[in-house]
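K.L.:
Please find the sequence and the predicted model below.
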Amino acid sequence: MTVMDTIKATASEARSLTPALSYADIDRGPHDRIRNRMVREVEAMTVFALSTGIGVPSDLMAQLDRAMVESDRGDTTDTPRADPAVRIALLSSTHAELTRLIAPAKPGPLLLLAEDRRAYPFWNGFGAVPLVRRMLAVSVISLIVLLGTALSSQVNAENMSKGLLGLQGWPLLWNEVFLFAASAVGAGLSNLRRLDRFISTCTYDQRFDSSYWSRLVMGVISGILLAQVLYSAIFGGNASATADGFSALNQPILALLGGFSADLVHDVLSHFIATIGNLLGTKRAQQPPSPVGGTERPAG
């Protein structure tokens, strides 16, 4: 039996992260759950290394073969059961060597991507993980709403220039929905760009899924604030000064930019606070520096 055949045979016990597998793993106990997890990750890392042309040293392949054979012996009746500590140690050593070999890719994301591709072959074409597919759906729906509201006669340069306090009733609702959709499109694009970077390097981590939804909400809020409150504060909401030509597009552009970069609005507000503090003669406490690399540690 070849090394890859052994890997696939051993990994067949826990092929995917389905609910049935989770219940089966619970019945097996913690030792078997840990072993099965490492086996699946070793399989994913080995396939990734071989498929991307990463050279796997022969001694590591021999160690991998030995670890898989030792892992299989406990399931046969004609072979003495190997010491569990020896099996786990061999598997753990092989896992660590493969992890260093495929860096900066990580075993967890590789396993997640491989199992999602097997479980959802059709939907996987629209996104490598469920979060990407959801963000893509949010972005497409926001774009449809943006284009749909733009068809209304209430959404025009004159109404847009009146700002938040210059309109009321249905015209205000249509214009606010338009700006909301523009902010959501920008926030969705920002999240998709960030996710694409982590998935392309196989460093995506499910632990940070909630932070993407938080960034989406913060992007929408930032876009609305930048396009309505801050824009009116800076330009005064004067219709005669802003309803002409390119100036009428400033608010949708600011909504899109605010959604794409919530940090932009944070920096503007921080500058305003610092300016007001200087005028009042107060000292603003220095904020701690932001963590390097954004949401999921990798920089870029």
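P.N.:
The structure has been received and is ready for your questions.
K.L.:
Using the record's assignment, carve this protein into domains.
P.N.:
3-119, 128-280 (automatic domain parsing).
K.L.:
ranking these by burial, who's on top?
P.N.:
domain 128-280 (a mean of 18; mean count of other Cβ atoms under 10 Å). Where you see a C-beta, it was placed from the backbone N, CA and C, and this is true even at glycine.
K.L.:
thinking again about what came up before, of the domains of the chain, which shows the lowest average pLDDT?
P.N.:
Ranked by mean pLDDT, the domains of the chain bottom out at domain 3-119, with a mean of 72.
K.L.:
Grab the longest helix from this structure for me.
P.N.:
Longest helix in the chain by number of residues (criterion: DSSP state H): helix 170-200.
K.L.:
Which elements pack onto that helix?
P.N.:
helix 107-119, helix 130-150, helix 157-166, helix 209-224, helix 250-260 (3 or more Cβ pairs under 8 Å, 6 or more residues apart in numbering; DSSP states H and E).
K.L.:
Out of the ones you listed, which is closest to L192?
P.N.:
helix 130-150 (5.5 Å; Cβ to Cβ).
K.L.:
Between helix 209-224 and the closest one, find me the angle.
P.N.:
Angle, helix 130-150 to helix 209-224, by axes from the mean of the first three to the mean of the last three Cα atoms, to 10 degrees: 20 degrees.
K.L.:
quick one: contacts of helix 130-150?
P.N.:
Contact with helix 130-150 is made by 116, 123, 126-127, 155, 174, 177-178, 180-182, 184-185, 188-189, 191-192, 195-196, 199, 206, 209, 212, 216, as judged by Cβ atoms under 8 Å, 6 or more residues apart in numbering.
K.L.:
so it versus helix 170-200, what angle?
P.N.:
150 degrees.
K.L.:
ok and helix 130-150 relative to helix 250-260, angle-wise?
P.N.:
Following the same axes, to 10 degrees, one obtains 170 degrees for the angle between helix 130-150 and helix 250-260.
K.L.:
tilt between helix 130-150 and helix 107-119?
P.N.:
Helix 130-150 and helix 107-119 are oriented at 70 degrees to each other (the same axes, to 10 degrees).
K.L.:
So what's the gap between helix 130-150 and the chain middle?
P.N.:
Offset of helix 130-150 from its chain centre (Cα atoms, centre = their mean, to the nearest Å): 16 Å.
K.L.:
okay, it in CSV with CA atoms only?
P.N.:
What follows is helix 130-150, C-alpha atoms only, in CSV (Å, rounded to 0.1, in the frame of the first residue of the first chain):
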residue,chain,number,x,y,z
PRO,A,130,-19.4,29.7,3.8
LEU,A,131,-18.5,33.2,5.0
VAL,A,132,-17.2,34.2,1.6
ARG,A,133,-20.5,33.1,0.0
ARG,A,134,-22.5,35.0,2.6
MET,A,135,-20.5,38.1,2.1
LEU,A,136,-20.8,37.8,-1.7
ALA,A,137,-24.6,37.5,-1.3
VAL,A,138,-24.7,40.6,0.9
SER,A,139,-22.6,42.6,-1.6
VAL,A,140,-24.8,41.5,-4.6
ILE,A,141,-28.0,42.3,-2.7
SER,A,142,-26.7,45.7,-1.7
LEU,A,143,-25.7,46.4,-5.3
ILE,A,144,-29.2,45.5,-6.5
VAL,A,145,-30.8,47.7,-3.9
LEU,A,146,-28.4,50.5,-4.9
LEU,A,147,-29.3,50.3,-8.5
GLY,A,148,-33.0,49.8,-7.7
THR,A,149,-33.2,52.9,-5.6
ALA,A,150,-31.3,54.9,-8.1
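K.L.:
Can you tell me how far Q63 is from T94?
P.N.:
According to Cβ to Cβ, to the nearest Å, Q63 and T94 sit 5 Å apart.
K.L.:
got the contact list for V220?
P.N.:
Contacts of V220 (Cβ under 8 Å, 6+ apart): F180, S183, A184, A187, G259.
K.L.:
State the three-state secondary structure for T282.
P.N.:
Here T282 is coil, with the state taken from DSSP: H, G, I helix; E, B strand; the rest coil.
K.L.:
Repeat that for P121.
P.N.:
coil.
K.L.:
measure it to S92 for me?
P.N.:
Taking Cβ to Cβ, one finds P121 at 32 Å from S92.
K.L.:
Please apply the same query to R133.
P.N.:
From R133 to S92 the distance is 34 Å (Cβ to Cβ).
K.L.:
Please export the alpha-carbon coordinates of stretch 215-232; PDB is fine.
P.N.:
The C-alpha coordinates for stretch 215-232 follow below in PDB (Å, rounded to 0.1, in the frame of the first residue of the first chain):
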ATOM      1  CA  ARG A 215     -16.700  45.300  10.200                       C
ATOM      2  CA  LEU A 216     -19.700  45.100   7.800                       C
ATOM      3  CA  VAL A 217     -21.900  46.900  10.300                       C
ATOM      4  CA  MET A 218     -19.200  49.400  11.200                       C
ATOM      5  CA  GLY A 219     -18.700  50.100   7.500                       C
ATOM      6  CA  VAL A 220     -22.400  50.800   6.900                       C
ATOM      7  CA  ILE A 221     -22.500  53.200   9.900                       C
ATOM      8  CA  SER A 222     -19.300  54.900   8.800                       C
ATOM      9  CA  GLY A 223     -20.600  55.400   5.300                       C
ATOM     10  CA  ILE A 224     -23.800  57.000   6.500                       C
ATOM     11  CA  LEU A 225     -22.000  59.200   9.000                       C
ATOM     12  CA  LEU A 226     -19.400  60.300   6.400                       C
ATOM     13  CA  ALA A 227     -22.000  61.000   3.700                       C
ATOM     14  CA  GLN A 228     -24.600  62.700   5.800                       C
ATOM     15  CA  VAL A 229     -23.400  64.000   9.100                       C
ATOM     16  CA  LEU A 230     -19.800  64.900   8.300                       C
ATOM     17  CA  TYR A 231     -20.500  66.000   4.800                       C
ATOM     18  CA  SER A 232     -23.200  68.400   6.000                       C
END
